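*Asks:* predicted model and sequence follow; I will ask about them next.
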Amino acid sequence: MEYINRAIEDIIEKSANTFKTVLITGARQTGKSTLIRHQYSDIKEVTFDDPFVEEQAKNNPEMFMSLNEPPVFLDEIQYVPELFRYIKQSCDFHDEKGLYYLSGSQPFKLMEMASDSLAGRAAIIEIAPLSLREIMESNFKEPFLPTMEYVKKRNKETKKPDNIWKIIHRGGYPEMQNPDVDWTMFYSSYVKTYLERDVRELAAVQDLDSFRRFMVACAARTGQMLNYSNISNEVGKDANTIKRWISVLEASGVIYILEPYSNSALKRVIKTPKLYFRDTGLAAYLTRWLTPETLANGAMSGEFFETFVISEILKSYSNRGLDYRYFVSYYRGKDKKKINKNGVEVFEESEIDFIIEQNGVLYPIEIKQNSHVTADMTSAFQILDKIPEKKRGTGAVVCMCSMPGALRDNVLQIPYWFI
């Protein structure tokens, strides 16, 4: 299988020319090691997936460092945290940039280690599963924003996939882009390795069968508000255990927790976060949607489409080296809005699927699986006008429409492949 070019390669190159250490984090199988091998094929690689190498580094770190002088690529560095202090000493001794390239599959744990030991010495870069742009071999790199300026730029270089549900079902792990790789075998092996390595190390979980059931319960709730009690009842574990296990999934890059938008001007906001799997293929495997066709026509198709769209938006930011966690959110409140449902006016809670905030401007986004959307679907956007210190920017419905267009003033319809 040919190497798939990654959108973040130029960010890594720039970081290597600026910092002495580059730390690549991300979930398992996102292509971290392959990327570094491709981009820096001339430097030595040492992997701590090898138990013998791991033991050597732990038992005699000074000798290990002397035998592996920079520049060097240290893969799965989370297994040998003892080396961080020696890497720090080496960085302080040398003046050159790009001395150490580190990778690991426990993002939060690695960020914490690097922040403690390599502050100011390391660039920390998150590698997500492949984006639709990367799968479609697009060169467009600008982060998504629902504005006419963005749509015009994107329109010059975009292509609709032949079968989006095949992509959603297959997932974004690079190995899954090889049609010869069996879907069931890949994800079965992925879950087994994840449970036996990351879960045991991060949380010392002994009851892996219960944790597997917990993962299935979370996958069945992708795109929904996070209800610890509900999951607790299904898995048979107390709520505190479920909260701890949720943090394990988040720390290892399996899920993303989208926080609700909070502002004192919004008095009736619901403060429950939403849960999203970072890879739709893994979520489909865990919930036993065995084919793209059954997923597309199944009861969870809307949640999977929303999960896919939000994941793509987040990738458009992380692939530019931007930490999106501080400027994205969603809104749900008890402010009742009037809608027309089958010819009858009814009231329901207001919700905005996704909000991007930039420079004091809030860009609201609704996500619909439909190919035909209407302006009525965006009535909740007006709630953002209640916030005096913020401005509501252009909003959009991201959907399966055939082309971008205007639904009303300041509201667009945007096809999902324009993300």
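*Replies:* Cool, the structure landed.
*Asks:* dump the residue contacts of the residue nearest to R392 when sequence neighbours are not counted.
*Replies:* Using C-beta to C-beta, 6 or more residues apart in numbering and skipping the chain neighbours, the partner closest in space to R392 is L384 (4.5 Å). In short, each C-beta sits where N, CA and C put it, glycine included. By C-beta atoms under 8 Å, 6 or more residues apart in numbering, L384 lies in contact with 331, 352, 355, 362, 364, 390, 392.
*Asks:* quick one: low-confidence ranges for the stretch 251-400 of the chain?
*Replies:* Along the stretch 251-400 of the chain, segments meeting pLDDT under 70 span 265, 335-348.
*Asks:* secondary structure, neighbour count and distance to I255 added to the contacts of L384, as TSV?
*Replies:* Below are the contacts of L384 laid out as TSV (DSSP: H, G, I helix; E, B strand; the rest coil; neighbours: other C-beta atoms under 10 Å; distance: C-beta to C-beta, whole Å):
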residue	secondary structure	neighbour count	distance to I255
Y331	strand	24	20
I352	strand	21	21
I355	strand	22	20
L362	strand	23	25
P364	strand	27	23
K390	coil	16	28
R392	strand	18	29
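*Asks:* farthest-apart pair in the residues you listed, please.
*Replies:* The largest separation in those, counting by C-beta to C-beta, is between I352 and K390 at 13.2 Å.
*Asks:* could you look up the SS state of the closest residue to G405 other than its chain neighbours?
*Replies:* Of all residues not flanking G405 in the chain, Q413 sits nearest, at 5.2 Å (C-beta to C-beta, 6+ apart). Classification of Q413 using DSSP: H, G, I helix; E, B strand; the rest coil returns strand.
*Asks:* got it, and V53?
*Replies:* helix.
*Asks:* surely it and N60 touch.
*Replies:* No: shown here, V53 and N60 do not form a contact pair, counting by C-beta atoms under 8 Å, at 11.7 Å.
*Asks:* between the two, which contacts overlap?
*Replies:* Overlap of the contact sets of V53 and N60 (by C-beta under 8 Å, 6+ apart) is empty.
*Asks:* which of these two has more residues huddled nearby?
*Replies:* V53 (19 against 12; other C-beta atoms under 10 Å).
*Asks:* show the pLDDT at the residue nearest to that one when sequence neighbours are not counted.
*Replies:* Distances taken as C-beta to C-beta, 6+ apart place V46 nearest to V53, at 6.2 Å, with adjacent residues excluded. V46 carries a pLDDT value of 96.
*Asks:* over to E76?
*Replies:* Reading off the model, E76 has pLDDT 90.
*Asks:* cool, C218 as well?
*Replies:* The model's pLDDT for C218 equals 98.
*Asks:* ok, now I242?
*Replies:* Residue-level pLDDT assigned to I242 equals 95.
*Asks:* F214 is in contact with that one, correct?
*Replies:* Yes: the criterion here is C-beta under 8 Å, and I242 meets it with F214 at 7.1 Å.
*Asks:* joint contacts of the two?
*Replies:* 231, 235.
*Asks:* measure the spatially most central residue of the chain to G393 for me?
*Replies:* The residue lying closest to the centre of the chain (C-alpha atoms, centre = their mean) is R278, at 4.5 Å. As judged by C-beta to C-beta, to the nearest Å, R278 and G393 stand 26 Å apart.
*Asks:* domain parsing for this structure?
*Replies:* For the chain, automatic domain parsing gives the domain ranges 9-126, 132-139+161-312, 326-418.
*Asks:* M148 is nearest to which of these?
*Replies:* With C-beta to C-beta as the measure, domain 326-418 is the member of the domains of the chain nearest M148 (7.0 Å).
*Asks:* which residues touch the nearest residue to G171 once chain neighbours are set aside?
*Replies:* Spatial nearest neighbour of G171, excluding adjacent residues (C-beta to C-beta, 6+ apart): G281 at 1.8 Å. G281 makes contact with 168-173, 176, 183, 187, according to C-beta under 8 Å, 6+ apart.
*Asks:* so how far is R332 from G281?
*Replies:* In terms of C-beta to C-beta, G281 sits 27 Å off from R332.
*Asks:* same question for N240.
*Replies:* Distance of N240 to R332, given as C-beta to C-beta: 25 Å.
*Asks:* equivalent analysis for N233, please.
*Replies:* Separation of N233 from R332 (C-beta to C-beta): 22 Å.
*Asks:* more neighbours: which of the two?
*Replies:* When N233 is set against R332 and neighbours are counted by other C-beta under 10 Å, the residue ahead is R332, at 20 against 13.
*Asks:* can you give me phi and psi for that one?
*Replies:* phi -140, psi 130 (degrees, to the nearest 10).
*Asks:* right, I'll leave it there.
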